[in-house]
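A.B. asks: show me the folded form of this:
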Amino acid sequence: VGSDVMAVKAGGGTEEQFKFCRKAKEAEQPVKQMDEDGVSELVLEVFPAHSVLLFCDSKKRCENVSELVARVISLNPDMTTSIGEHKKEEKIALLNALKSEGSGFICPTLRRTIPYGLAYHHSGLTMDERKLLEESFLSGTIGVLCCTSTLAAGVNLPARRVIIRSPFMGRNQLTNAQYKQMVGRAGRAGFDTHGESFLLVKQNLTRIVPDIVTAPVEKCVSSLHRGGGRGLPSLILNCLHLGLVLTPGEITQLISSSLMTLQSSLLSLPPLPSLVSDSLQHLFTSSMVMASDETDLTQQVISSTTPLAPTKLGRACVTGNIDITWAARLYSDLSTARPGLAVDTSLHLLYLVTPYDIAERSVFTASTYHNIYMELDEPELAVARGLGITEGVMVGLIMGRGGKKLQPVLSRLYYALMLLDLWRAQPIYSVAEKFQVSRGEVQALMASAASFSSCVFHFCQEVEEFWAYQELLEPFSRRLAHCCSPELLPLLDLPGVKAGRARQLHRAGFVGVGDI
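C.D. replies: The predicted structure is shown next:
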């Protein structure tokens, strides 16, 4: 709290739980001007002898704090020399590896901080970059890693000291579970003899500290009843498709064994038959389920013993692992595109396999989008016009008249244009720079689109009229996963070979696994 270090004691009231321990070391004036919170002093108390994980509240803050600590170290010539010489060759090798993974590109921030044994880690980096930094932290090449809370839950990176720079992550206050995940990295058994953690809090926020540090463990509760069609209706549809249940009565019996039913009073849920009835009604309305003996000429009354079966759309939804809430939209999009599918460019197919969940988040600025649109070739412009995105719409976007009706299409097309550049084997960093997004987002889009493309392919296998999509999407998904030229695909079957290595092998005359 400010410069006071308070020790956390288990049990007792607030006064007993937080006891004054010591004053943090006072920084010199030049450092104080750069680092008001004293983060760098806490880091340098143990670094470079020991490792530090520094959790920040945003991705940008991670980068800024890593540069801040590097600047503070650079003010001390002796420390700069000793830290710079520590594992110098390994640091050079790490920089070269990052450059190789980025097809010649390396983040300017990492280029400046790695010589000091510092780096940042968040979802804006590619998976390969993150893996290299994690391995370097474990080996001691990197001694301080500035990261977001996602690192705490996903990767086993123990440290001597954990510093949580803010009681907030993004806009949300830290939960007790998140806090324990973070501080649990300090002094991990088998890696270190002891560990310590620091939570930095301003004086006016001390009231929220007990909620974070000493709150009871959160209860584990079912979420099966939430999420609209994603919860209970999805479970029922899958069970019907697998033949685990047949009638509404059997469905009720199956659901009665769930955690949701056991916690029904805690969750204040309506009676189970009512929940099952609402879910079935949702499936009937969405044309996912029908009575087994229902025809176009009959209107069946559903009872607890009526046999049920998934419809064609329901089967396609389960086979393709498509979210129920997107199934009707996907079917509509594929049906609409089928008569005029553009095959002189990959953009139309890429648009159809751009995941709906990613496209829900708009990442473009009007000026960037307009510039990219104006550089498109005629086949791509024809696809855009077919989707309703004309030059007039782009001008309206610049003028601030972006219609809400076209917003989902605009966003999805923007992501599809990113995929088109990747499809043409453009490096991830150049696509990220062109579309003004992080490299991690570009790579996540590529992986999600490849996965969704495979889902759409299996979805189409259950729908006879989509036979043409089956033929087009089968080879499409595999190439999309790597986004490279087709001649490199055989080489990518080799373990550990990625696009860059595959290109080197191909240039050397190795065109397939047999040649190797």
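
A.B. asks: kindly provide the distance from the closest residue to L232 other than its chain neighbours to T252.
C.D. replies: Counting by C-beta to C-beta, 6 or more residues apart in numbering, S279 is the residue found nearest to L232 once chain neighbours are left out, at 4.4 Å. (C-beta placed from N, C-alpha, C; glycine too.) Applying C-beta to C-beta, to the nearest Å, the value for S279 to T252 is 10 Å.

A.B. asks: the more surrounded of those two?
C.D. replies: Using other C-beta atoms under 10 Å as the criterion, S279 and T252 rank with S279 on top: 24 against 17.

A.B. asks: mind telling me what element that one is part of?
C.D. replies: helix 272-285 (DSSP states H and E).

A.B. asks: list of residues touching that helix?
C.D. replies: 225, 228-229, 232-233, 236-237, 248, 251-252, 255-256, 261, 264, 269, 289-290, 302, 308, 314, 324 (C-beta atoms under 8 Å, 6 or more residues apart in numbering).

A.B. asks: just the strands in the stretch 1-150 of the chain please.
C.D. replies: 4-8, 18-23, 52-55, 118-121, 144-147 (DSSP state E, counting those that start in this stretch).

A.B. asks: how about low-confidence regions in the stretch 301-450 of the chain?
C.D. replies: Applying pLDDT under 70 to the stretch 301-450 of the chain picks out residues 402-403.

A.B. asks: please pull out the lowest mean pLDDT helix or strand from this structure.
C.D. replies: helix 14-17 (a mean of 58; mean pLDDT, DSSP states H and E).

A.B. asks: now the buried members of the contacts of helix 272-285.
C.D. replies: By neighbour count, with 16 or more other C-beta atoms under 10 Å, those hold 225, 229, 232-233, 236-237, 248, 251-252, 255, 261, 264, 269, 289-290, 302, 308, 314, 324 as buried.

A.B. asks: for R22, give the beta-bridge partners.
C.D. replies: Counting by DSSP bridges, R22 is bridged to V5.

A.B. asks: isn't it right up against S3?
C.D. replies: No. Look at R22 against S3 with C-beta atoms under 8 Å: they stay out of range, at 9.6 Å.

A.B. asks: more crowded one of those two?
C.D. replies: Using other C-beta under 10 Å as the criterion, R22 and S3 rank with S3 on top: 13 against 10.

A.B. asks: do you know how far the residue nearest to that one when sequence neighbours are not counted is from C146?
C.D. replies: Excluding its sequence neighbours, the residue lying closest to S3 (C-beta to C-beta, 6+ apart) is A24, at 4.7 Å. From A24 across to C146, the span is 19 Å (C-beta to C-beta).

A.B. asks: give me the more crowded residue out of the two.
C.D. replies: When A24 and C146 are compared for neighbours, C146 comes out ahead with 29 against 16, by other C-beta under 10 Å.

A.B. asks: from V213, how far off is the more buried one?
C.D. replies: C146 is 22 Å from V213, by C-beta to C-beta.

A.B. asks: also A119?
C.D. replies: Distance from A119 to V213, by C-beta to C-beta: 28 Å.

A.B. asks: give me the contact list for the helix or strand harbouring S477.
C.D. replies: Secondary structure from DSSP H and E places S477 in helix 467-482. The contact list for helix 467-482, computed with C-beta under 8 Å, 6+ apart, reads 334, 338, 341, 343, 349-350, 353, 419, 423, 446-447, 449-450, 453-454, 456-457, 460-461, 486, 488-489, 492, 498-499.

A.B. asks: okay, and for this protein, where does confidence drop off?
C.D. replies: In the chain, residues with pLDDT under 70: 10-16, 27, 152-155, 189-191, 229, 294-300, 402-403, 483-485.

A.B. asks: wait, what's in contact with V5?
C.D. replies: By C-beta under 8 Å, 6+ apart, the neighbours of V5 are F20, C21, R22, K23, A24, F198.

A.B. asks: hmm, 10 Å instead?
C.D. replies: V5 makes contact with F20, C21, R22, K23, A24, K25, L42, F198, according to C-beta atoms under 10 Å, 6 or more residues apart in numbering.

A.B. asks: over to I255?
C.D. replies: Taking C-beta under 10 Å, 6+ apart as the test, what I255 contacts is L224, L232, L235, I236, C239, V245, T261, L272, P273, L275, V276, S279.

A.B. asks: same thing with V513?
C.D. replies: P490, L491, D493, L494, V497.

A.B. asks: the helix ranked longest in the chain vs helix 467-482, what angle?
C.D. replies: Longest helix in the chain, counting residues (DSSP state H): helix 439-461. With axes from the mean of the first three to the mean of the last three C-alpha atoms, to 10 degrees applied, the angle from helix 439-461 to helix 467-482 works out at 160 degrees.

A.B. asks: elements contacting helix 439-461?
C.D. replies: Using 3 or more C-beta pairs under 10 Å, 6 or more residues apart in numbering; DSSP states H and E as the contact test, the elements touching helix 439-461 are helix 127-139, helix 312-319, helix 324-337, helix 347-352, helix 356-359, helix 407-423, helix 428-435, helix 467-482.

A.B. asks: can you list these in JSON lines and add distance to T81?
C.D. replies: Formatted as JSON lines, the helices and strands packed on helix 439-461 follow (distance: least, C-beta to C-beta, whole Å):
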{"stretch": "helix 127-139", "distance to T81": "21"}
{"stretch": "helix 312-319", "distance to T81": "63"}
{"stretch": "helix 324-337", "distance to T81": "58"}
{"stretch": "helix 347-352", "distance to T81": "51"}
{"stretch": "helix 356-359", "distance to T81": "46"}
{"stretch": "helix 407-423", "distance to T81": "43"}
{"stretch": "helix 428-435", "distance to T81": "32"}
{"stretch": "helix 467-482", "distance to T81": "44"}
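
A.B. asks: nearest to P115 among the ones you listed would be which one?
C.D. replies: Nearest of the helices and strands packed on helix 439-461 to P115, taken as C-beta to C-beta: helix 127-139 at 12.6 Å.

A.B. asks: now do the buried residues in the closest one.
C.D. replies: Buried, per 16+ other C-beta under 10 Å, within helix 127-139: D128, E129, R130, L132, L133, E134, S136, F137.

A.B. asks: closest one of the residues you listed to G514?
C.D. replies: D128 (27.4 Å).

A.B. asks: do you know how far the closest one is from K59?
C.D. replies: In terms of C-beta to C-beta, D128 sits 18 Å off from K59.

A.B. asks: just C455 next, same as before
C.D. replies: Counting by C-beta to C-beta - C455 and K59 are separated by 29 Å.

A.B. asks: wait, H121 touches S149, no?
C.D. replies: No. With contact defined as C-beta atoms under 10 Å, H121 does not reach S149; the gap is 11.3 Å.

A.B. asks: of those two, which one has the most company?
C.D. replies: Ranked by neighbour count (other C-beta under 10 Å), H121 and S149 place H121 first, with 24 against 21.

A.B. asks: residues in contact with the more buried one?
C.D. replies: Counted by C-beta under 10 Å, 6+ apart, H121 has contacts 53, 59, 62, 66, 129-130, 133-134, 137, 142, 145-148, 150-151, 155, 157.

A.B. asks: list the residues that contact the closest residue to it other than its chain neighbours.
C.D. replies: Nearest residue to H121, sequence neighbours excluded (C-beta to C-beta, 6+ apart): C147, at 4.2 Å. C147 makes contact with 53-56, 59, 62, 65-66, 119-122, 130, 133-134, 137, 155, 157, 182, 185 under the criterion C-beta under 10 Å, 6+ apart.
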